[in-house]
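Q: Mind folding the following:
(2 chains)
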There are 2 protein chains.
Amino acid sequence: MTTLNNQQFRLAARPVGLPKHSDWKFTSEPVRELADGEILVKTLYLSLDPAMRGWMNEGKSYIRPVAIDEVMRAGGLGKVIASKSPKFAVGDIVSGAIGVQDYWVGAASDKTAGFYKVDPKAAPLPKYLNALGMPGMTAYFGLLDVGLPKAGETVVVSGAAGAVGQTVGQVAKHKGCRVVGIAGGKDKCDFVVNELGFDACIDYKSGSLKDGLKEHCPNGIDVYFDNVGGDILDLVLTRINLKARIVICGAISQYNNTTPVKGPANYLSLLVNRARMEGIVVFDYADRYHLGVAEMAKWMQEGTFKTREDIVVGLEKFPEALLMLFEGKNFGKLILQVAKD
Amino acid sequence: MTTLNNQQFRLAARPVGLPKHSDWKFTSEPVRELADGEILVKTLYLSLDPAMRGWMNEGKSYIRPVAIDEVMRAGGLGKVIASKSPKFAVGDIVSGAIGVQDYWVGAASDKTAGFYKVDPKAAPLPKYLNALGMPGMTAYFGLLDVGLPKAGETVVVSGAAGAVGQTVGQVAKHKGCRVVGIAGGKDKCDFVVNELGFDACIDYKSGSLKDGLKEHCPNGIDVYFDNVGGDILDLVLTRINLKARIVICGAISQYNNTTPVKGPANYLSLLVNRARMEGIVVFDYADRYHLGVAEMAKWMQEGTFKTREDIVVGLEKFPEALLMLFEGKNFGKLILQVAKD
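A: Reported below is the predicted structural model:
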């Protein structure tokens, strides 16, 4: 067997603001021999997510930071191409924290990687990084367990055309809510209304978000699922109803700040409206992922639930692809295709 | 019967920043004759509260703003000195929204005033504006219904020596929590620890609040009851535990801002810690006030629950007395004594 060459993106420096090319180190090393209990996974697709920006910072968070010189953390799908473990067979498609590299090698039971098999016949592979993967689980459990939407209520979601937003809106529609998205650009807005069935979508890049919220949420806002933070969160806070629930899933507008995060100046609306703002981290729902996957897969089969992916090809494109997220350039769940399945 | 002269403080202008003397109009008018169903109440004590600053602003809130030229809204205790209603008899002591004036006249069943009888023998009258009144109910239901403290957890409360803070801390102690106060000045800190039985109190005016939180909350913070907002809220957010509950009761540090409210820059700690920030307005618990009063009155009789009032004498002192709240000059629940009972 020829020695395989494993190309990797490692964190060279902690970024200040947007990650620069010099914050990465592109390295390669030969893939080592497998020990007993180990598997070799060939990377097929990597999930590119806003949360990755947070992993690059020092400091306490819900997960340890990526260390300097460490391979950048990334979830993804791969194919098992060698196995000395009974857990996985050659040819299995697995999902787990592969990292930004061509190959992953290690114990089949490695907890950090957390590999599990997916069924390539049940759905196209990229769906397993979207609605049937972490973004989908984040959306599903964040909305239902923290947002607690009731039929007839108005649900607003920012980043509506993104991986999490697509699913939040469609799950809320399936639960009988009025759903209003917020997205950047006419194409994204048209997509979530015409393709995904949202009731409306406000293009924050053209026209007034304030007027849009007034027009499309005539009965106020009961649930706001926030992926962006910043000014949009602040404006939504002025339109919430009594006992509203705000799900804090992310704050992509603030991740690359070189100044302090902009806190929500209108947070006292929580007091006036006896409303709630609560954070969600998907890992807390791991023991129930199968329930979310089952319900959404059923809707997909019925044709009442769609997702869109934006796939960039080539491991070497990783640094520039990641930036697309922060510039709002991706249209759908952003995925890096590293190899053909 | 000689005509009584009713002196009143009316709102002359909406304040910018701290209320100035010129924002008030001091007027007097004769008390009119009673119609059938009406009562005449002589003001004894008025409750001075941070929330009053909010009532002076225009704009949607949980209660309508005080109108220009209207008598300033204030809760208080009074004595019924004339009655053409079977609901109250002359000599009854009543609690309700009397307003900043010597006398109140109107229908005994007026919903805005909301008068109800209190028993002057069961507790000294000022207690009915403190733990047994709105601040006490705010503290009791805000802590128990929104903060959801469990025995053994750490509860932190700001404005610890104030009307709400005193009660929050003592209720939390009764529920088996570790209680840490935040207050301004050694006297206030000594009081809540030595007199009220808090486990510790951090003097934010001397020394580092950050170090104090580290020292006195070695196991992190499970419940934070916030009366102040601003930098203190931001700092507490860096020390909260997984699934922490932050009760937003007020933000006295921000009420007189001429610049926008400072939003909590560290609000993403809610995400990292899957924590919650939720507002409370006391009126929502009106149908359960009697339960809170009963439990705290029992503790008072047992000697395990104390309160402190800071009483300023004289209706004419109203404008300067109100400012004491925003300068942290009151020590205990601030009350304006208008007449002797």
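
Q: Nearest to chain B within the stretch 151-300 of chain A, name that residue for me.
A: Using C-beta to the nearest C-beta, residue A:263 is the residue of the stretch 151-300 of chain A that sits closest to chain B, at 3.1 Å. (Each C-beta comes from the backbone N, C-alpha and C, glycine too.)

Q: Quick one: name the residues of chain A near chain B.
A: Neighbours of chain B within chain A, by C-beta under 8 Å from any C-beta of the partner chain: A:60-62, A:229, A:234, A:248-251, A:254, A:260-281, A:284.

Q: Show the buried residues in the residues you listed.
A: In these, burial by neighbour count holds for A:61-62, A:229, A:234, A:248-251, A:254, A:261-281, counting by 16 or more other C-beta atoms under 10 Å in any protein chain shown.

Q: OK, contacts around the residue nearest the centre of chain A?
A: The residue lying closest to the centre of chain A (C-alpha atoms, centre = their mean) is residue A:135, at 3.9 Å. Residues near residue A:135 by C-beta atoms under 8 Å, 6 or more residues apart in numbering or on different chains: A:47, A:49, A:129, A:162, A:163, A:164, A:167, A:333.

Q: So the first one is in contact with residue A:73, correct?
A: No. If you go by C-beta atoms under 8 Å, residue A:47 and residue A:73 don't touch, sitting 10.6 Å apart.

Q: So for these two, which sits in the more crowded spot?
A: More neighbours surround residue A:47 than the other of residue A:47 and residue A:73, with 25 against 19 (other C-beta atoms under 10 Å in any protein chain shown).

Q: what bridges to the more buried one?
A: As for beta bridges, residue A:47 partners with residue A:335 under DSSP bridges.

Q: Who are the packing partners of the strand or helix carrying residue A:223?
A: Assigned by DSSP states H and E, residue A:223 belongs to strand A:221-226. Here strand A:221-226 touches strand A:154-158, helix A:163-174, helix A:230-237, strand A:240-248, going by 3 or more C-beta pairs under 8 Å, 6 or more residues apart in numbering or on different chains; DSSP states H and E.

Q: Any chance of TSV for these, columns mean pLDDT and distance to residue B:4?
A: Below are the helices and strands packed on strand A:221-226 laid out as TSV (pLDDT from 0 to 100; distance: least, C-beta to C-beta, whole Å):
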stretch	mean pLDDT	distance to residue B:4
strand A:154-158	98	52
helix A:163-174	97	60
helix A:230-237	95	47
strand A:240-248	98	41
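
Q: Mean neighbour count, those: which tops it?
A: strand A:154-158 (a mean of 30; mean count of other C-beta atoms under 10 Å in any protein chain shown).

Q: Quickly run through the sheet partners of that one, with directions.
A: strand A:178-183 (parallel), strand A:221-226 (parallel).

Q: Could you dump the ones you listed into JSON lines with mean neighbour count and mean pLDDT added?
A: As requested, the strands paired with strand A:154-158 are arranged in JSON lines below (neighbours: other C-beta atoms under 10 Å in any protein chain shown; pLDDT from 0 to 100):
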{"stretch": "strand A:178-183", "mean neighbour count": "28", "mean pLDDT": "98"}
{"stretch": "strand A:221-226", "mean neighbour count": "27", "mean pLDDT": "98"}
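
Q: Can you convert those strands into a markdown table and add a column each for distance to residue A:190?
A: Formatted as a markdown table, the strands paired with strand A:154-158 follow (distance: least, C-beta to C-beta, whole Å):
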| stretch | distance to residue A:190 |
| --- | --- |
| strand A:178-183 | 10 |
| strand A:221-226 | 20 |
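
Q: I figured residue A:341 hits residue A:124, correct?
A: No. If you go by C-beta under 8 Å, residue A:341 and residue A:124 don't touch, sitting 9.8 Å apart.

Q: domains of chain A?
A: A:5-130+A:308-337, A:134-283 (automatic domain parsing).

Q: starting at the chain centroid, how far to the last one?
A: In this case it means domain A:134-283. 15 Å (C-alpha atoms, centre = their mean, to the nearest Å).

Q: now do the same end-to-end measure for it.
A: 9 Å (C-alpha to C-alpha, to the nearest Å).
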